[in-house]
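1. Generate a structure from the sequence data that follows.
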Amino acid sequence: METVNTNTGVDVRKRSPNQILKKLGLVLGENFLYLILVVVFVAPLAWMVLGSLREEKEIFANLYPFTIHTFWPITWTLDTYLDMFGISEIGIMYGLHFHRFMANSLIVSVAVVSCSLVFNTMGAYFFARLDFPFKNFLLIFVVATMLIPFQATIVPLYIVVSKLGMRDSFWGLIVPWFASPFVIFALAQFIKEIPKELDEAATIDGASLWGILWHVILPNAIPGIITMALLEFQFIWNLFYWPLIVINSSDLQMIQVAIANQTTQTQIFWGRTFAGSTLASLPVIIIFLALQKWYIQGVATTGLKG
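-> From the prediction side, this is the model:
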């Protein structure tokens, strides 16, 4: 039922009790679904973090029946973290220097992201702005390489890395990931949304192709570049199979392999695994929270016509 307030000229809507109850039910149902999603995603993370702060024997002792102590530790301890950083006797005995593995992963991830964005941004600019024969065919060929499973290329890649003398070194972890077909394709789509009139204005002012890329494209493509940097950092940070194969020295090993090494043929050290996974999650979470505004803007803007 609708009425008009003659004094203000504003429509005053009166809802029936059934409409109010229906609206309330929709709001409660929507919030309930959000709560389920939060529980599904947060509960395993909370169990992992709190599991790293309890004694090893206590981790699976209170799973059934379900109580508050299924998550909340009875005895709080930092022994697993002391072990992982090689501070305790066990850590010294097994040579657990987790800070070294985190530093290795950070060095490799930052190096790959920095170099990858340089080469991939130039490649994306090449496909998005320059006209040359068979451009679309070449772009399709680049994108098609994403369909090749990594397992099909790992043997020839390992042979190439070995022949170049980069095996068991940081170079073997960095160089193979300089070029990324996905990053080239995604950045090319983002650059296409930047109006070409800006390029034409820069050309009239005497800017070269490099000047257009540096002074026009890059400042306007920052959200897309940061988005790709976050995705690339997460990908390199979580690498497991390639570091496991190409690195033999424990001092150069990356964090995911170090976590997996806490599982042996006879025993799984769940406390160390949880502690290592917690520490491995922190850099990605911190970087994402710091750059989430640019990430959301990049995801929202890509694919929209400018």
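2. which intervals of the chain have sub-threshold pLDDT?
-> Scanning the chain for pLDDT under 70 picks out 1-15, 91-95, 295, 297-306.
3. could you redo the last one with a cut-off of 80?
-> Scanning the chain for pLDDT under 80 picks out 1-19, 63-64, 88-96, 292-306.
4. tell me the centre residue of it?
-> Per C-alpha atoms, centre = their mean, the C-alpha nearest to the average position across the chain is that of Q234, at 3.2 Å.
5. Tell me the gap between the longest helix along the chain and the middle of its chain.
-> Identified as the longest helix of the chain according to DSSP state H is helix 17-51. Remark: helix 17-51 is offset 25 Å from the chain centroid, using C-alpha atoms, centre = their mean, to the nearest Å.
6. just to revisit the earlier point, isn't the residue nearest to the centre of the chain right next to I285, touching?
-> No. Contact criterion C-beta atoms under 8 Å: Q234 and I285 do not qualify, at 10.4 Å. For every residue, glycine as well, the C-beta is placed using N, CA and C.
7. how about the residue nearest to the centre of the chain, phi and psi?
-> Phi and psi for Q234, reported as degrees, to the nearest 10, are phi -60, psi -40.
8. so who does it touch?
-> Listed by C-beta atoms under 8 Å, 6 or more residues apart in numbering, the contact partners of Q234 are V284.
9. One more: the one 5 residues further on?
-> Contacts for L239 (C-beta under 8 Å, 6+ apart) come out as L173, M254, Q256.
10. Tell me if I'm right that P176 and W242 touch.
-> Yes. With contact defined as C-beta under 8 Å, P176 counts as touching W242 (7.4 Å).
11. Got the domain ranges for this protein?
-> Following automatic domain parsing, one finds the domains of the chain at 2-77, 97-301.
12. Could you identify which of those domains is most buried?
-> Among the domains of the chain, ranked by average contacts under mean count of other C-beta atoms under 10 Å, first place goes to domain 97-301 (a mean of 16).
13. elements contacting the longest helix of the chain?
-> The contact analysis (3 or more C-beta pairs under 8 Å, 6 or more residues apart in numbering; DSSP states H and E) places helix 17-51 against helix 270-301.
14. Just the angle for the helix it packs on relative to helix 17-51, thanks.
-> Orientation of helix 270-301 against helix 17-51 (axes from the mean of the first three to the mean of the last three C-alpha atoms, to 10 degrees) gives an angle of 140 degrees.
15. now helix 270-301, how far from the centre of its chain.
-> Remark: helix 270-301 is offset 7 Å from the chain centroid, using C-alpha atoms, centre = their mean.
16. Check which helices and strands that helix is in contact with.
-> helix 17-51, helix 79-84, helix 98-129, helix 222-237, helix 255-260.
17. Kind regards, and thank you for your time.
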